[in-house]
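S.K.: A predicted structure for the sequence below; I have some questions about it.
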Amino acid sequence: MTILLVDIGNTRIKWARLDGDRPGRGKAAAHAGWRAADYQRHLFAPARGIERVVVASVAGSAVDRALAAAARRAGAVARFVTVARRAGGVTVGYVEPWRLGVDRFAAVVGAHDIFSAVPVCVIGVGTAMTIDLVDADGRHRGGVIVPAPNLMVEALLANTHGIRRRARGVGVGGRGIFGRSTRDAIERGARYAAAALVDRAVEEASGALGREPLVVLTGGEAELVRPLVRSRSVTVAQLVLRGLAVLSRDAARRSRR
């Protein structure tokens, strides 16, 4: 069976065919304003023979309906992943598992699959920045949600007058935390704040687990944050798609029993 893996975030959509047990070469695009015909053209027209679509979506019901319609037109069945207490080797630590974002769930499943012998702090840096701690046994210990750096900047500019006025124009560049223009000061402050939160999360996780977790960063803004993180870290592209591949594989195994 030919399977397409799809990760729909608030701003961007990422997709790739399942190639064995892993996602193949991925594609990405901003999906604002897309209708069913747009999803069909971008995801299905160049990829003939798709029979099933496995989706992690946080974009809302209208987007989900449009994607499902596009899949039907292409002769495929769309399956929207939901969060279970236990799946993909991970046990969700939320009191109510369904309240954990499905993108975060798929990301921690992907990270645990890749780094199964060590605890991980999974950092998703998109519109929001999320931090989820998973121990070496796959137990999700909880998480943190804050605005990602670009959203911090947008919120500050949208809710001030003096700062917004002084931040017009471009930054002047340079290194370190201290900016030499208002724009620089805002952008650097947001990025360093995000990185400092990551390091604080690692510090608390180390105390709780008795060992330091590996920081696993993913998402469109991950490279804005990683250079400033002092903890041991790696960046993994397509981490949500990697988690969807694991969940798809486990579902197929269960159906064969």
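M.R.: Nice, thanks for sending it over. Numbering: from 1, shown residues only.

S.K.: quick one: residues contacting Ala205.
M.R.: Each residue near Ala205 by Cβ atoms under 8 Å, 6 or more residues apart in numbering is listed here: 119, 121, 133, 141, 212-213. Quick note: C-beta positions are derived from backbone N, CA and C, even for glycine.

S.K.: so which of the residues you listed belong to strands?
M.R.: When DSSP state E defines the strands, the subset of the contacts of Ala205 inside them is 121, 133, 141.

S.K.: most surrounded residue in the contacts of Ala205?
M.R.: Highest neighbour count within the contacts of Ala205, by other Cβ atoms under 10 Å: Cys121, with 30 neighbours.

S.K.: surely it touches Glu204?
M.R.: No - in this structure, Cys121 is not within contact of Glu204 by Cβ atoms under 8 Å, at 9.8 Å.

S.K.: list the contacts of stretch 62-70.
M.R.: Counting by Cβ under 8 Å, 6+ apart, stretch 62-70 makes contact with 6, 8, 31, 34-40, 43-44, 53, 55, 57, 78, 80, all of which sit outside it.

S.K.: kindly export that stretch (C-alpha atoms) in CSV.
M.R.: Coordinates of the C-alpha atoms in stretch 62-70 are reproduced here as CSV (Å, rounded to 0.1, in the frame of the first residue of the first chain):
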residue,chain,number,x,y,z
ALA,A,62,-12.1,23.5,7.6
VAL,A,63,-8.6,22.6,6.6
ASP,A,64,-9.2,18.9,7.5
ARG,A,65,-12.3,18.7,5.4
ALA,A,66,-10.5,20.2,2.4
LEU,A,67,-7.7,17.7,2.7
ALA,A,68,-10.1,14.8,3.1
ALA,A,69,-12.0,15.9,0.0
ALA,A,70,-8.8,16.2,-1.9
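
S.K.: now do the phi/psi pair for the spatially closest residue to Thr235 that is not a sequence neighbour.
M.R.: The shortest distance from Thr235 to any non-neighbouring residue, by Cβ to Cβ, 6 or more residues apart in numbering, is to Leu217 (4.8 Å). As for Leu217, its main-chain torsions (degrees, to the nearest 10) stand at phi -100, psi 140.

S.K.: over to Glu221?
M.R.: According to degrees, to the nearest 10, Glu221 has phi -110, psi 10.

S.K.: which ones among the contacts of stretch 62-70 map onto strands?
M.R.: With DSSP E as the criterion, strands contain 6, 8, 53, 55, 57, 78, 80 from among the contacts of stretch 62-70.

S.K.: what are the ranges of the helices in the stretch 151-257 of the chain?
M.R.: Taking DSSP state H, counting those that start in this stretch to define them, one finds helices in the stretch 151-257 of the chain at 162-166, 182-209, 222-225, 239-256.

S.K.: name the residues of the second one that are buried.
M.R.: For helix 182-209, the neighbour count (16 or more other Cβ atoms under 10 Å) marks 182-195, 197-198, 201-202, 205 as buried.

S.K.: quick check: bridge partners of the residue nearest to Thr235?
M.R.: Note on Leu217: beta-bridge partners Ile123, Thr235, judged by DSSP bridges.
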